[in-house]
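Engineer: here's a sequence, model it:
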Amino acid sequence: MKKLILIFMMFGALTSTITFAQSTEDVIQAIVEEGEENSQLEPLAHELMDVVGPRLVGTPQMKNSNDWVVSTYKKWGIEAENQEYGKWRGWERGITHVDMIEPRVVSLSGMQLAWSPSTSKRGVTADVITLPEVEDSISFQKWLPNVKGKIVLISMPQPTGRPDYNWEEFAKEESFEKMKEERSAQTEAWREKINATGYNYRSINEALENAGAVGLIQSRWSNGFGANKIFSANTKEIPVIDLSLEDYGMIYRLVESGNTPKLKIVAESKELGTVPTFNTIAEIKGTEKPEEYVILSAHLDSWDGATGATDNGTGTITMMEAARILKKVYPNPKRTILIGHWGSEEQGLNGSRAFVEDHPEIVDNVQAVFNQDNGTGRVVSISGQGFLHAYDYIGRWLAAVPDDYKDEIETTFPGTPSRGGSDYASFVAAGAPAFSLSSLSWSYWNYTWHTNLDTYDKIVFDDVRNNAILTAIMTYMASEDETSTSRERAVLPMNSRTNEPYTWPEPRSPERDGGKD
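Structural biologist: Model (predicted):
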């Protein structure tokens with residue numbers, strides 16, 4: 001009789017194991033089918049990028065995006081809310097129009113930088129001058145009165161508007177090398193020119209403004225055709241404009257040749273005082289271990305030179321789509337699934353740092369954080385972030401992913417902990433197992449990262465669909481895992497630059513009242 005009972009027990013255990021394996025396979029298949037056959041990525045991207053638009057912290061568009069995310073989740077039956085964590089300088093972009101009116105008339109390609117002071121509706125019209133060659137700061141101070149009533153060019157004109165890869169493809173080798181040498185010499189000479197003024201690249205703006213300049217124009221080329229980096233102004237009263245490489249170079253050459261150009265700048269914007277800032281948090285409540293968490297992570301904010309499509313619209317819609325899929329095919333997860341859409345990542349991971357600081361009870365019980373934030377490409381890299389046993393659980397979860405969604409992924413274990421770069425670093429610093437789903441480049445750094453070209457048309461939806469399905473499966477596996485993840489830290493290697501061991505990053509407090517300087 002005892003033998004019979006033992007046989008039944010063994011058979012029951014085997015049956016349970018087989019059923020679980022079949023159930024896991026069925027859920028994964030359902031995730032794949034839902035992600036492939038009923039993808040919502042295109043309409044999500046259209047709503048976020050084309051309708052809501054850029055999401056600069058402190059702007060009405062940022063708050064619109066928070067509200068849109070909440071309402072979209074609620075349509076899917078997922079609870080979501082905006083959680084205020086701080087305040088920021090409120091600002092809203094208006095019309096930018098730059099025209100050359102002498103020595104001929106032409107409209108130029110430019111835009112005001114974020115938080116730029118506004119002109120009147122009539123704008124400002126003035127001659128343009130360039131920074132001088134001076135021996136020292138005393139000489140520069142003597143020159144400064146020349147800027148009164150003028151528009152000042154503050155960037156080095158680029159010697160070529162062709163990216164290096166274009167030269168490499170078509171130029172003679174000696175021509176390419178000659179260009180690079182001349183560009184390096186010009187760059188060094190410009191650096192010395194700025195240093196001689198006694199200011200740096202940021203502080204010189206304040207000096208020019210205080211001396212009576214009526215506008216500043218820069219051109220921060222991103223080393224790709226038509227791509228410029230668009231960041232923030234740091235003036236209090238006068239507009240700062242970024243011009244395309246092509247137009248900037250033309251204006252600069254006109255000044256240098258004595259054909260003094262006159263420009264009209266209209267750069268309208270609104271100061272909105274101090275406004276609240278939010279993280280948007282969605283939740284699918286766990287059934288067996290609701291006090292443990294798998295977190296899907298992506299920052300919602302962007303710079304506003306374009307619509308923030310690949311930084312980080314694609315990360316945002318990846319996590320939204322993964323949550324939608326999971327809600328449909330896995331509505332009762334073992335652990336609670338949180339989706340964090342962080343604010344003000346671009347100003348120093350402020351939203352995620354605030355969440356980590358404000359919710360230690362969640363951070364202490366994180367099973368895993370999956371973060372996506374480096375463009376539209378397929379996920380090709382996962383690092384263990386210095387967690388000694390990350391290989392065990394990441395490897396276990398990846399093993400369940402169909403090859404089509406993981407065959408290009410390279411893993412690094414245990415890896416080293418990130419000190420910044422994106423929001424997973426906020427969790428890593430607090431000791432929580434958080435991982436970047438790092439993607440294929442698609443020329444991200446030159447063409448879309450913080451540029452005027454980061455728009456809907458740069459999204460590669462097949463790759464984003466791949467990432468949403470991968471994320472949903474990894475989240476399902478992390479939620480269902482019988483064991484909680486280890487937080488044991490690896491012994492970090494030596495830093496070859498300092499000859500000292502790498503150290504684990506410490507948590508940092510967010511900026512909760514920023515953007516006013």
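Engineer: list the contacts for the residue nearest the centre of the chain?
Structural biologist: Closest residue to the average C-alpha location of the chain: Asp311 at 4.0 Å, with C-alpha atoms, centre = their mean. Residues near Asp311 by C-beta atoms under 8 Å, 6 or more residues apart in numbering: Ser302, Trp303, Asp373, Asn374, Gly375, Tyr444, Thr448, Trp449, His450, Asp454. C-beta coordinates here come from the backbone N, C-alpha and C atoms, glycine included.
Engineer: over to Ser383?
Structural biologist: Thr411, Thr412, Phe413, Gly415, Thr416, Ser418, Phe435, Ser436, Ser438.
Engineer: PyMOL command for the buried members of the residues you listed?
Structural biologist: A single PyMOL command selects the buried members of the contacts of Ser383 (16 or more other C-beta atoms under 10 Å):
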select buried, resi 411+413+415+416+418+435+436+438
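Engineer: which ones among the contacts of Ser383 are found in strands?
Structural biologist: Thr411, Thr412, Phe435, Ser436, Ser438 (DSSP state E).
Engineer: same list (the residues you listed) but as CSV, adding distance to Ile394.
Structural biologist: Output for those, formatted as CSV (distance: C-beta to C-beta, whole Å):
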residue, distance to Ile394
Thr411, 7
Thr412, 10
Phe435, 7
Ser436, 12
Ser438, 13
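Engineer: which residues of the stretch 1-150 of the chain fall in strands?
Structural biologist: Assigned by DSSP state E, counting those that start in this stretch, the stretch 1-150 of the chain shows strands spanning 79-102, 106-108, 110-112, 124-130.
Engineer: one more: the stretch 351-500 of the chain?
Structural biologist: Using DSSP E, counting those that start in this stretch, strands in the stretch 351-500 of the chain cover 366-371, 379-383, 410-412, 434-436, 438-439, 494-495, 500-501.
Engineer: name the surrounding residues that touch the last one.
Structural biologist: With C-beta under 8 Å, 6+ apart as the test, strand 500-501 has contacts from Val491, Leu492, Pro493, Met494, Asn495.
Engineer: what's the most distant pair in these?
Structural biologist: Taking C-beta to C-beta as the measure, the contacts of strand 500-501 span a maximum distance of 13.3 Å, between Val491 and Asn495.
Engineer: okay, those two: which has more neighbours?
Structural biologist: Legend: neighbour count by other C-beta atoms under 10 Å for Val491 and Asn495, higher for Asn495 (12 against 9).
Engineer: for Glu271, see how far away the residue nearest to that one when sequence neighbours are not counted is.
Structural biologist: Closest residue to Asn495 apart from its sequence neighbours, by C-beta to C-beta, 6 or more residues apart in numbering: Tyr502 at 5.4 Å. Note on Tyr502: its distance to Glu271, by C-beta to C-beta, to the nearest Å, is 43 Å.
Engineer: just want to know which of these two has more residues nearby.
Structural biologist: More crowded of Tyr502 and Glu271, by other C-beta under 10 Å: Tyr502, with 15 against 11.
Engineer: let me see the confidence value for that one.
Structural biologist: Looking at Tyr502, its pLDDT is 87.
Engineer: residues touching it, list them.
Structural biologist: By C-beta under 8 Å, 6+ apart, the neighbours of Tyr502 are Thr416, Pro417, Leu492, Pro493, Met494, Asn495.
Engineer: and if you look at Asn228?
Structural biologist: Asn228 makes contacts with Ser219, Arg220, Trp221, Ser222, Asp242, Ser244, Leu245, Gly305, Thr451, Asn452, as judged by C-beta under 8 Å, 6+ apart.
Engineer: quick one on the thing from earlier: how far away is the residue nearest to Asn495 from Asp392?
Structural biologist: According to C-beta to C-beta, Tyr502 stands 22 Å off from Asp392.
Engineer: also Ser352?
Structural biologist: 26 Å.
Engineer: which one's more surrounded, these two?
Structural biologist: Legend: neighbour count by other C-beta under 10 Å for Ser352 and Asp392, higher for Ser352 (28 against 15).
Engineer: surely that one touches Asp423?
Structural biologist: Yes. If you go by C-beta atoms under 8 Å, Ser352 and Asp423 touch, sitting 3.7 Å apart.
Engineer: hey, what's in contact with both of those two?
Structural biologist: Common neighbours of Ser352 and Asp423 (C-beta under 8 Å, 6+ apart) are Ser297, His299, Gly340, Trp342, Glu345.
Engineer: tabulate those (TSV), appending neighbour count and distance to Asn228.
Structural biologist: As requested, those are exported to TSV (neighbours: other C-beta atoms under 10 Å; distance: C-beta to C-beta, whole Å):
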residue	neighbour count	distance to Asn228
Ser297	27	29
His299	28	22
Gly340	25	31
Trp342	29	26
Glu345	26	21
